[in-house]
Every structure is written in structure tokens, then in C-alpha cells.
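Visitor: Next one to model:
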Amino acid sequence: MKNINFPSIEEFTSAIGKDSESPELKMIFSKLEITEKDLNRLTVKGYRVWSNGEAGLQLNLENIDFMNRLSRPRNKGPWILTNIIFWNHLIKTKKKETMLCYKEPLPYRLDFLMSREKVRETLSAPLGNPKIFGLSDNVDLWVSETFELRVNYAGEKGIRCISLGIIVDRSVM
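Guide: Numbering: from 1, shown residues only. Alright, predicted model coming up:
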């Protein structure tokens, strides 16, 4: 893996909800040495993703027209950073198993080795109690003033991923 100059958590959080023309997201792209051309198209119109599985990092972006709910999104950008995902996952091949995880500092000094109880204890003072959701109640969600923090658990295997994203109004869901 090439040596990546990862943005700090503060730099990541300042770019959440910003578009690809903003100084904040341009700085993220610059540090990761990527451009809009590196954003992979998904089968769902209006979405792009950049990921580096080996580094355990993924950026999810939405087209600004799609975010503004325009009836005819152009699907060209600018792109809004909606989620940053820090992965902790196991890759299995016929020859070996490899644990790929984000190795840089995580938000609120979280650690992939923490138990669910320890994560909740760590986040209770700054963010309160989590909302619990997911198909099997496997996701804890906290909402700060500027972003959402989600911790997705893989049962006995511990934390699957930690993500930071735009605040979603779930009252209409």
C-alpha cells in the first residue's frame, strides 16, 4: 500500500456536508491524492464512492442536485460528502485471511477493539445515549451538533465500522 497522508478527524468532520468545490473537501481530496475523476459511479444515479479497502477508508458522496431533490439531477457534480466510513473487516481468500482496518486515530479516541459497552461509556459524556437501529439492532447512532456518528457491530466479532455523516432527519422515515 502506498503511503497515504490521511486527513485528521477534525479535517474529515469539517468536510462533512461540503461539496467538492469547497476548500474543506478539496483539502481531503488533496491529502488522499484523489480527484472527482477517482469517484466510482454506483448503479444508483446521483451517488459516487471512493474507497481504499487496504486502508480501511471509504467516502460516500451525493450529487448536489440529488441532495436538493431536483427532479432532473444532472449527475455531474459538484458532489457532497455525506459519509466517511472507517472499516474494520476481514478479507478471505483461498490462501489466507487478512484483517484490513483503518489504522489512523478514530473519532472520540474510539478503538476497533472496544466492546459495545466501552464505546457507549466513552461517548456518553460528549454525546449522550445512542439511538439503536439496524436489522438486528446492530448499529448505535449518536448525533452531534454537526454530524452523525454510527458504530456498526458485527456481533461477537466486534466493531465492523465507524462512520461519520450528515445529519439525517429520521422523523420522516
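
Visitor: can I assume L59 is in contact with W50?
Guide: Yes: contact between L59 and W50 holds when scored by CB atoms under 8 Å: they sit 4.6 Å apart. Where you see a C-beta, it was placed from the backbone N, CA and C, and this is true even at glycine.

Visitor: between these two, which one's more packed in?
Guide: A count of neighbours by other CB atoms under 10 Å puts L59 above the other of L59 and W50, at 24 against 20.

Visitor: Which residues are in contact with the more buried one?
Guide: Neighbour list for L59: 28, 49-51, 81, 83-85 [criterion: CB atoms under 8 Å, 6 or more residues apart in numbering].

Visitor: P126 versus that one, what's the distance?
Guide: To P126, L59 is 24 Å away according to CB to CB, to the nearest Å.

Visitor: Check W79 too.
Guide: Here W79 is placed at a distance of 29 Å from P126 (CB to CB).

Visitor: More neighbours: which of these two?
Guide: W79 (25 against 11).

Visitor: bridging residues for the residue nearest to that one when sequence neighbours are not counted?
Guide: Residue nearest to W79 in three dimensions, not counting chain neighbours: L61, with 3.9 Å by CB to CB, 6 or more residues apart in numbering. For L61, the beta-bridge partners are R48, L81 (DSSP bridges).

Visitor: quick one: contacts for the residue lying closest to N40 once chain neighbours are set aside?
Guide: Leaving aside its chain neighbours, N40 sits nearest to V49 (5.3 Å; criterion: CB to CB, 6+ apart). Counting by CB under 8 Å, 6+ apart, V49 touches 39-40, 42, 58-61.
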